[in-house]
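J.: no FASTA, just this:
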């Protein structure tokens, strides 16, 4: 693996997922693979799970880790080519990235979308500038439109849950991604990325439910059944992935914020005793009710725990090629 | 030891103090005790000594350390049960804590009181939520009402100072905790905790001096002699611990801020050439005069240095039980 | 080496530079020299290159590293002797520094000038307070008036570039430091320090060019040829170091900000195909045009990469004496 930006960087999702699950069994399986190698974790936006789980993953492989909150430990970067830098940006990515490429063996970057300029966000401008100028493998810690470490985690979590259950392999499990209300406009990253991975994985029946205005980019959703009726989607679901996102078409807005889309035990009655997933952080009693999150069917803690193993599998794949 | 929240978590103060002093002699005595174990240092408030000394302590035991400024590296946590999270809090401790419990073997948390709602602060709401939901040992790096790593340090420092002196063991040393002026309302944590530990230790004569309005919670002070006359308290004192705190009864206020309570060489004349202690940071020439802090009798640097060994003894006790 | 604050702390620049270049060949040459030693990196101001390169240098020598953003992880320090601390400073350097000296084996400090009070900035008040009170070796990560790790890097980069070129040793290479426009008042540190080192090194012809009002302190520039004519300076130059600084005489101002001082391919035509240097961050198309920075003659990435080896040579020298 050269970079890890989207599912397209993965040869075989199941092999990568199995590798991750092997690390879950034995975190120190390859504890010297990354010896004398160094990863930089660059945060242009805040992070809790991603920050900690990626650091642990790298350390489990013997790597040294340097974490940098770019805007606060350092300063604002410029991403526009040919910019006349007389504004607030202090350093151009063209200058910063090659140096980070010099200091590190792998560079992992988190950068959220502005949610103002759809064309710019969907061009994945920022991560592409790092890829263009750093000269070393780049790992996405969530970008403007995708969150692949989360999605690999999600696949692992579903795979593991199926393997651990008494689920009879008579039919494909039904996985539903459902929009939920929120109080502020969020990126489409997690939803886009989950859709992209589940479609590429192609081992489950996949349905996406959202109010009419929240249509996602077809580039990611193609292959899934899409409905505007949450109950219809949830019928017989085995896994329900809950997530808010802002509008994609009239970009970055909150249109309908219908509280009836909040997941409750009642809305889940129609499912096949579905497992509940969410990437976290979650707004309790806005996106999901307490009862749903606190029930035995919630996988959210397991899922967040699996972030370590997903990151570790990805870093190991990349290290194998730069060795 | 399961958790380290207050003196109640300690079986025998002297055994723990001796362990700390053994680490002071040989920091790497148990350099593999924490191998392949990881501690998370979670700061909801700023820190200098606590942050660095706890990291060093953990590394001396071979642990890996991840430090997180929760509000700035990540986001604001919610602590209220059943909250409808439509405000500024991004993630509930019910969701964050189990994940941190998954990522780490020990979780250390600093969280100051709001000084607005006494009942809430004194319920130790926040640290208790971490204890309830993290599922791993919790270490206080200072909470709403107590600062046990500081107090263990204080006991060690007194114990060590007595051992190093030619002090003839004819009478119990006299330890005085005296209130001092400050420019803003501070928590009662250090004073509460020092009182709780010195009372539990029960090897010294213990006097607390403060202006009338600054009565502390008796739960912690019971056993100490309390006076509103600083000179009376200081008479023949062997150790003087200086600390400001805001009012406890009419909660979180500055009433009397009488500058005559500032410790000076003159106010110390009546002591038995007392050693001077303070947890730091200290407001020079507000709490204590320069002359007092800069005198050979000041233990403040030794005391702050001992923070490492106190933390190391506590972490070692906890590691011994999770091994 | 006891401390590393300026070129005056260096016995022989060439020996130190060669040591740095040896580490560039073999980063882990002395991988246990700093075992069980700990360095504190204290940032009173932001940093990207300095932060990461110094951490890597220390880790290459086997040291443990703790990084602290003083004002944000901790609180504001007071540097005035005898201050009555009733303002915004929470802790005096007299109290903090000895404790840091207790926690660490080496303390590295970054502190920019205020650019308001020349006498205070040029007294190097802050770093001197750390040197006075910490009791351990102090390394400058850039102070009010100097940036010696950068300057050592610059010497290494020039030395290496000469060695790698087919440069016939018929004449001394010509090194030009030229002022360039900027949008805000910057310290004189990098320019002062570069001048001080190049003059002390004394192996090149050294010319400084700046508009009339930007005269630097002669303490640092003495020995260099100074001109207010950029083209005259650039004639036959082998190395051009570009840097903005604010006025020194009428302190901390931007007087003339003449855009014709921005380096372009045209302004460089008169040079001897000069190599281009800059300490970074650089304002593209303000200080230098894109064409200059993106040309094959730019050494800026190599230069920033060399920051690791400069820091490693300095730390190794200091470690050798505290062993």
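T.: Sure thing, it's come through. Keep in mind the model is a prediction, meaning the values are calculated, not measured. Numbering: from 1, shown residues only, chains lettered A, B, ... in the order given.
J.: use CA for all of it now, contacts and neighbours both
T.: Will do.
J.: burial count for the residue in the stretch 51-200 of chain A that chain B sits nearest to?
T.: Using CA to the nearest CA, residue A:183 is the residue of the stretch 51-200 of chain A that sits closest to chain B, at 6.1 Å. Residues lying near residue A:183 (other CA atoms under 10 Å in any protein chain shown) number 15.
J.: Which residue ranges make up the domains of chain A?
T.: Per the record, chain A has its domains at A:7-146+A:307-322, A:150-303, by automatic domain parsing.
J.: the strands in the stretch 101-250 of chain A, which residues?
T.: Secondary structure of the stretch 101-250 of chain A (DSSP state E, counting those that start in this stretch): strands located at A:106-110, A:138-140, A:174-179, A:205-209, A:225-227, A:239-243.
J.: So for residue B:307, which of the ones you listed sits nearest?
T.: Closest approach to residue B:307 among the strands of the stretch 101-250 of chain A is made by strand A:106-110 (34.9 Å; CA to CA).
J.: Check which helices and strands that closest one sits against.
T.: Judged by 3 or more CA pairs under 8 Å, 6 or more residues apart in numbering or on different chains; DSSP states H and E, the packing partners of strand A:106-110 are strand A:38-43, strand A:138-140.
J.: and chain A, which residues reach chain C?
T.: Counting by CA under 8 Å from any CA of the partner chain, the residues of chain A close to chain C are A:66, A:70, A:72-75, A:82-86, A:90-92, A:95-96, A:98-99, A:102-103.
J.: Now, those residues that are in strands?
T.: Counting by DSSP state E, the members of the residues of chain A next to chain C that fall within strands are A:66, A:91, A:92.
J.: Return the entry from the residues you listed with the maximum number of neighbours.
T.: Tallying neighbours with other CA under 10 Å puts residue A:92 at the head of those, with 22 neighbours.
J.: Pop out the phi and psi values for the residue lying closest to that one once chain neighbours are set aside.
T.: Spatial nearest neighbour of residue A:92, excluding adjacent residues (CA to CA, 6 or more residues apart in numbering or on different chains): residue A:78 at 4.4 Å. Residue A:78 adopts backbone torsions of phi -100, psi 140, taken as degrees, to the nearest 10.
J.: Equivalent analysis for the one 3 residues further on, please.
T.: In this entry, residue A:81 is assigned phi and psi values of phi -60, psi 140 (degrees, to the nearest 10).
J.: Against residue A:42, how distant is it?
T.: Counting by CA to CA, to the nearest Å, the gap between residue A:81 and residue A:42 amounts to 21 Å.
J.: now swap in residue A:306 and tell me
T.: Going from residue A:306 to residue A:42 by CA to CA gives 21 Å.
J.: what does the stretch 101-250 of chain A have sitting close to chain B?
T.: Residues of the stretch 101-250 of chain A lying near chain B by CA under 8 Å from any CA: A:182, A:183.
J.: Just the endpoints, please. Distance across stretch A:105-124?
T.: End-to-end distance for stretch A:105-124, by CA to CA: 22 Å.
J.: buried set for that stretch?
T.: By neighbour count on 16 or more other CA atoms under 10 Å in any protein chain shown, the buried set for stretch A:105-124 is A:105-113, A:115, A:118, A:121, A:124.
J.: residue contacts, the closest residue to chain C within the stretch 101-250 of chain A?
T.: Per CA to the nearest CA, residue A:102 is where the stretch 101-250 of chain A lies closest to chain C, at 6.0 Å. When contacts are counted by CA atoms under 8 Å, 6 or more residues apart in numbering or on different chains, residue A:102 touches A:134, C:305.
J.: any idea how far it is from residue C:316?
T.: According to CA to CA, residue A:102 stands 21 Å off from residue C:316.
J.: just to confirm, which helix or strand has residue A:51 in it?
T.: helix A:49-60 (DSSP states H and E).
J.: Might you report the residue contacts of residue A:95?
T.: C:280, C:281, C:301.
J.: Narrow those residues to those in helices?
T.: The helices, defined by DSSP state H, take in residue C:301 from the contacts of residue A:95.
J.: Ranking helices and strands of chain A by mean pLDDT, which lands last?
T.: helix A:70-73 (a mean of 83; mean pLDDT, DSSP states H and E).
J.: which residues pair with residue A:77 across the strands?
T.: residue A:91 (DSSP bridges).
J.: mind checking pLDDT for it?
T.: With respect to pLDDT, residue A:77 scores 93.
J.: swap in residue A:169?
T.: Looking at residue A:169, its pLDDT is 64.
J.: thought residue A:174 was touching residue A:233?
T.: No: contact between residue A:174 and residue A:233 fails when scored by CA atoms under 8 Å: they sit 9.5 Å apart.
J.: Residues in contact with both of those two, list them for me.
T.: Here residue A:174 and residue A:233 share the contacting residues residue A:207, scored by CA under 8 Å, 6+ apart.
J.: Between the two, tell me which one has more neighbours.
T.: Neighbours per residue, other CA under 10 Å: of residue A:174 and residue A:233, the larger number sits with residue A:233, 25 against 21.
J.: Could you find the closest non-adjacent residue to residue A:297?
T.: Distances taken as CA to CA, 6+ apart place residue A:275 nearest to residue A:297, at 4.8 Å, with adjacent residues excluded.
J.: Likewise for residue A:220?
T.: Closest to residue A:220 by CA to CA, 6+ apart is residue A:196, at 4.7 Å.
J.: residues contacting residue A:254?
T.: Neighbouring residues of residue A:254 by CA under 8 Å, 6+ apart: A:184, A:185, A:246, A:247.
J.: What does the pLDDT read for it?
T.: Note on residue A:254: pLDDT of 96.
J.: Likewise for residue A:323?
T.: You'll see residue A:323 listed with a pLDDT of 67.
J.: these two touch, right, the residue of the stretch 51-200 of chain A closest to chain B and residue B:86?
T.: Yes: shown here, residue A:183 and residue B:86 form a contact pair, counting by CA under 8 Å, at 6.1 Å.
J.: list residues touching both of these two?
T.: Here residue A:183 and residue B:86 share the contacting residues residue A:286, scored by CA under 8 Å, 6+ apart.
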